[in-house]
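J.: Task: produce atomic coordinates for the following.
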Amino acid sequence: MFDKAKPEAERLFVGLMMGVVGRGLVATSISDETVRKELTVFPAGYIFQMMVMPKGPSFTTEVQADHSLKLLKNFQGKPDLCVRFKHMAHAFLVLSFQEGTARAFANDRMFVDGEVSHAIRLVRCLSRMEVLILPKLVAERAVKRYPTIDLGVKINLAARIYGRVAANFLKGA
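T.: Reported below is the predicted structural model:
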């Protein structure tokens with residue numbers, strides 16, 4: 001009984017977390033100057049997607065003229081950059097913060113379809129988001145290096161990011 005429930009539970013969790021990460025990345029791109037600076041190398045209209053193969057949960061974002069991101073719903077085209085998890089269990093490890101993104105790449109659990117240097121920038125954006133919104137103990141497991149960040153700045157940005165994520169979920173409901 002539990003053998004059948006585990007894959008479905010992983011799929012539900014990964015689906016929820018893909019929604020949170022996609023919305024969190026968008027919110028961070030609006031709230032955090034560091035992430036917006038990372039995104040300045042991408043032209044407006046650049047499309048980034050993260051997904052689980054073969055047809056698992058995903059999110060897709062588009063770079064706006066102000067270097068923030070916009071979440072795209074029901075995107076069917078070919079993105080400029082796609083980060084693909086090879087299996088649901090691999091996505092679960094990363095999205096449950098048991099394994100960082102850099103480690104997942106090193107362990108061949110995911111691959112990039114697109115420019116690798118762009119993927120590295122986006123991983124830095126994801127890492128910055130994780131540092132801002134997660135407790136330090138959890139974020140240290142998720143990122144390669146935990147930066148020094150003033151607690152007041154972290155709390156302020158985290159509150160703004162969580163507020164935008166919540167508003168986006170409510171708007172979509």
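J.: What residues sit buried inside the longest helix seen in the chain?
T.: Counting by DSSP state H, the longest helix found in the chain is helix 2-31. For helix 2-31, burial by neighbour count (16 or more other C-beta atoms under 10 Å) applies to 10-11, 13-15, 17-31. For every residue, glycine as well, the C-beta is placed using N, CA and C.
J.: Need phi/psi at Arg141.
T.: phi -80, psi -30 (degrees, to the nearest 10).
J.: Which helix or which strand is home to the nearest residue to it once chain neighbours are set aside?
T.: Spatial nearest neighbour of Arg141, excluding adjacent residues (C-beta to C-beta, 6 or more residues apart in numbering): Phe97 at 5.3 Å. Remark: Phe97 resides in no helix or strand, with elements defined by DSSP states H and E.
J.: Number of residues surrounding Phe97?
T.: Counted with other C-beta atoms under 10 Å, the neighbours of Phe97 add up to 17.
J.: all helices of the protein, in order?
T.: Going by DSSP H, the chain shows helices at 2-31, 33-38, 88-95, 101-106, 116-133, 136-142, 151-172.
J.: The longest one packs against which elements?
T.: I take that to be helix 2-31. Helix 2-31 sits against helix 33-38, strand 47-52, strand 58-63, strand 69-72, helix 88-95, helix 116-133, helix 151-172, with contacts defined as 3 or more C-beta pairs under 8 Å, 6 or more residues apart in numbering; DSSP states H and E.
J.: Looks like Phe58 contacts Met18 (just checking).
T.: Just to correct that, residue 58 is Ser rather than Phe. Yes: with contact defined as C-beta atoms under 8 Å, Ser58 reaches Met18; the gap is 6.1 Å.
J.: For the residue nearest to the spatial centre of the chain, list the residues it contacts.
T.: In the chain, the centroid-proximal residue (C-alpha atoms, centre = their mean) is Val21; its distance is 4.1 Å. Residues in contact with Val21 (C-beta atoms under 8 Å, 6 or more residues apart in numbering) are 50, 59, 95, 126, 129.
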